[in-house]
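**Q** What follows is a predicted protein model with its sequence.
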Amino acid sequence: MEFLNGQTPQHDLTYNDVFMVPSRSSVASRLDVDLRTPDQVGTTIPIVVANMTAVAGRRMAETVARRGGLAILPQDVKVEALEETITEVKSAHPVYETPVTVGPEEPVAAVLALLGKRAHRAAVVVEDGRPVGLVTERDCLEVDRFSTVADVMRRDLLTLPVGIDLDEAFDVLESKHVGLAPVVDDGRLAGVLTRRGILRSAIYTPALDPQGRLMVGAAVGINGDVAGRAERLLADGVDVIVVDTAHGHQDRMLDALTAAVRARDAHAERSGRRIPVTAGNVVSAEGARDLAAAGADIIKVGVGPGAMCTTRMMTGVGRPQFSAVLECAAAAKECGAHVWADGGVKYPRDVALGLAAGAASIMIGSWFAGTYESPGDLVRDADGRSYKESFGMASARAVRARTKEQSAFARARSALFEEGISSSRMYLDPEASGVEDLLDRIVSGVRSSFTYAGAATVGEFHSRAVVGLQSAAGYDEGRPRATSW
Ligand SMILES: NC(=O)C1=CN([C@@H]2O[C@H](COP(=O)(O)OP(=O)(O)OC[C@H]3O[C@@H](n4cnc5c(N)ncnc54)[C@H](OP(=O)(O)O)[C@@H]3O)[C@@H](O)[C@H]2O)C=CC1
Ligand SMILES: Nc1nc2c(ncn2[C@@H]2O[C@H](COP(=O)(O)O)[C@@H](O)[C@H]2O)c(=O)[nH]1
Ligand SMILES: [K+]
């Protein structure tokens with residue numbers, strides 16, 4: 001990356017402080033852009049879902065991996081629960097979506113609660129593993145709440161055979177005017193295909209492990225038995241280990257990272273596969289170098305930009321994210337390591353700018369909390385708008401959950417150091433309520449950024465991006481106006 005006209009910034013920069021200018025390009029089409037990440041993880045789009053309890057769970061992990069990204073499961077979850085999630089993600093189909101399933105005798109009220117769990121907003125009615133009907137929200141309206149699924153379900157079910165050619169499946173759905181159909185394998189439910197999902201499968205390449213299963217990562221903290229937890233997660237088949245703490249440039253982190261790297265190396269010797277280790281968070285070149293020297297393949301960068309994060313207000317510590325990523329990415333590169341830009345992403349432009357600053361992938365938390373796939377329940381406010389509740393991983397709420405097994409005194413002491421919001425509402429965008437809708441926007445924006453820069457790959461974008469500095473008025477000029485001035 002270079003600054004426009006050789007400018008040298010006089011202060012640190014946020015994503016809002018910068019813009020990119022187009023350069024002469026020989027990349028003829030946005031579809032010629034390859035968004036595979038250079039960090040050796042194997043992701044085909046540069047998006048990582050942040051390890052936040054309100055964001056990264058099973059549904060988020062499988063949905064994002066199916067489109068080429070990766071979710072990191074949070075460290076606050078019991079290892080047994082994490083293992084269950086990893087198994088579920090690994091057994092999910094790389095192309096067919098996982099359906100919501102209900103039994104015919106279940107009450108309609110129960111179905112309504114489940115429909116918000118998946119963007120396709122339908123439940124397949126299953127009896128002995130075989131699909132026998134379909135229920136959508138419309139079927140559940142204006143029926144008394146004691147009605148059962150069998151009373152309202154549609155029985156004229158269109159099914160598709162497993163292995164059907166996706167173009168053909170699209171044509172079948174189109175000709176029958178249906179958006180979704182269960183896929184059956186010898187009569188048993190194998191997944192669902194939607195018209196949108198089929199189109200997406202033509203554009204995205206799933207992030208798969210060497211056994212062809214969807215990828216998923218998991219985080220470990222810096223306290224407790226780091227090596228033991230890392231070993232279990234590696235044995236379960238995680239594709240990335242993230243050693244994560246607020247202040248990543250501390251001795252305890254370096255010890256934890258060393259333990260995780262040792263566990264990884266032992267696993268590599270046994271399995272023949274070297275799993276990348278990510279560590280953070282830092283915002284200085286020195287921090288990045290120390291983590292790389294301790295064995296991190298990827299450095300997680302960002303202190304304070306997160307939407308749930310109060311660190312800068314509480315401590316005055318942090319660093320505007322664009323400059324933090326720029327400096328850490330340059331230092332990491334010298335050490336043969338990579339960077340993930342973590343936090344503060346609200347628009348596709350921020351993803352593009354994080355990549356321009358040198359990141360291999362961009363980590364997103366809160367923006368994805370407001371989607372069907374995040375773990376929380378869908379709630380409606382007084383105006384009928386749908387939202388999910390989110391909270392920070394250093395909030396009193398998260399600290400209470402994380403320290404559940406400690407003494408009352410230790411818990412009370414930990415609670416003194418709150419650096420995150422305990423409750424926030426992340427509204428679903430009615431035009432983009434599923435995480436895949438957000439991925440579509442991000443990926444189309446970023447593909448376009450690349451062609452403006454004349455870059456066909458992330459590596460080329462790193463070297464070709466030309467970035468200028470702008471005032472608040474410059475940023476404001478770029479915003480669309482839904483109504484007049
Ligand atoms: N990116 C960001 O800006 C931030 C992210 N977070 C996220 O919140 C989650 C919880 O992280 P964390 O609070 O580190 O909890 P952890 O459970 O990972 O523990 C942090 C450990 O580091 C010690 N420590 C020393 N200095 C600090 C410091 N300034 N801030 C925090 N801990 C410190 C703590 O000791 P002791 O408690 O005795 O001081 C404790 O042993 C993580 O997912 C993290 O990424 C949290 C804050 C900022
Ligand atoms: N200081 C805090 N930072 C937090 C907390 N919870 C999460 N985070 C960080 O934010 C990013 C995600 O950023 P977002 O803008 O996409 O939401 C996450 O990866 C953490 O690094 C918190 O409680 N305090
Ligand atoms: K913030």
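**A** Right, received. Where do you want to start? Residues are numbered from 1 along each chain as shown. Ligands and ions are numbered 1, 2, ... in the order given.
**Q** So which bits of stretch 223-243 are buried?
**A** Within stretch 223-243, the residues that count as buried by 16 or more other CB atoms under 10 Å are 226-227, 229-234, 236-243. All C-beta spots, glycine's among them, are computed from the backbone N, C-alpha and C.
**Q** Ok, stretch 404-418 next?
**A** Going by neighbour count (16+ other CB under 10 Å), the buried part of stretch 404-418 is Glu418.
**Q** hmm, that stretch touching ligand 2?
**A** No. Stretch 404-418 is not in contact with ligand 2 by CB under 6 Å from any ligand atom; minimum separation 8.1 Å.
**Q** can you give me how far that stretch is from the chain middle?
**A** Centroid displacement of stretch 404-418 relative to its chain, using CA atoms, centre = their mean, to the nearest Å, is 29 Å.
**Q** how long is it from one end to the other?
**A** With CA to CA, to the nearest Å as the measure, the ends of stretch 404-418 fall 16 Å from one another.
**Q** can you check stretch 105-121 too?
**A** Using CA to CA, one end of stretch 105-121 lies 19 Å from the other.
**Q** now what about it, what contacts it?
**A** Applying CB atoms under 8 Å, 6 or more residues apart in numbering, the external contacts of stretch 105-121 come out as 59, 63, 97-100, 102, 122-123, 135-137, 140, 143, 145-152, 179-180, 192, 194, 197, 371-373, 377-378, 386, 433-437.
**Q** Which among the residues you listed count as buried?
**A** Buried by 16+ other CB under 10 Å: 59, 63, 97-100, 102, 122-123, 135-136, 140, 148-150, 152, 179-180, 192, 194, 197, 371-373, 378, 386, 433-437, out of these.
**Q** In helices only, show me the residues you listed.
**A** 59, 63, 140, 149-150, 152, 197, 435-437 (DSSP state H).
**Q** who are the neighbours in contact with Ala292?
**A** Neighbour list for Ala292: 299, 331-332, 335-337 [criterion: CB under 8 Å, 6+ apart].
**Q** Now it: closest residue in space, sequence neighbours ignored.
**A** Cys335 (3.6 Å; CB to CB, 6 or more residues apart in numbering).
**Q** quick one: that neighbour and Gly295 touch, right?
**A** No. Cys335 is not in contact with Gly295 according to CB atoms under 8 Å; the separation is 10.6 Å.
**Q** Of these two, which one has the most company?
**A** Neighbours per residue (other CB atoms under 10 Å) separate Cys335 from Gly295, with Gly295 holding more: 19 against 15.
**Q** Distance of that one relative to Ala456?
**A** To Ala456, Gly295 is 32 Å away according to CB to CB, to the nearest Å.
**Q** got it, and Tyr96?
**A** The value you get for Tyr96 to Ala456, if CB to CB is used, is 31 Å.
**Q** likewise Trp367?
**A** To Ala456, Trp367 is 27 Å away according to CB to CB.
**Q** Ok, His267 next?
**A** Between His267 and Ala456 the computed distance is 34 Å (CB to CB).
**Q** do the same with Gly133
**A** Distance from Gly133 to Ala456, by CB to CB: 47 Å.
**Q** of all the residues in the stretch 251-400 of the chain, which ones are close to ligand 2?
**A** Residues of the stretch 251-400 of the chain lying close to ligand 2 by CB under 6 Å from any ligand atom are 281, 302, 306-309, 311, 342-345, 363-367, 392-395.
**Q** Spell out the residue ranges of the strands in the stretch 201-350 of the chain.
**A** Secondary structure of the stretch 201-350 of the chain (DSSP state E, counting those that start in this stretch): strands at 217-220, 240-244, 277-282, 298-301, 338-342.
**Q** Distance to Leu469 and mean pLDDT for the ones you listed - can I get that in a markdown table?
**A** Formatted as a markdown table, these follow (distance: least, CB to CB, whole Å; pLDDT from 0 to 100):
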| stretch | distance to Leu469 | mean pLDDT |
| --- | --- | --- |
| strand 217-220 | 34 | 98 |
| strand 240-244 | 31 | 98 |
| strand 277-282 | 24 | 98 |
| strand 298-301 | 20 | 98 |
| strand 338-342 | 18 | 98 |
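**Q** Make CSV out of the ones you listed and add distance to Arg349.
**A** Shown next, in CSV, are the strands of the stretch 201-350 of the chain (distance: least, CB to CB, whole Å):
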stretch, distance to Arg349
strand 217-220, 25
strand 240-244, 25
strand 277-282, 22
strand 298-301, 18
strand 338-342, 13
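**Q** Could you check the pLDDT of the closest residue to Arg154 other than its chain neighbours?
**A** Counting by CB to CB, 6+ apart, Leu134 is the residue found nearest to Arg154 once chain neighbours are left out, at 5.0 Å. At Leu134, the predicted lDDT confidence score is 94.
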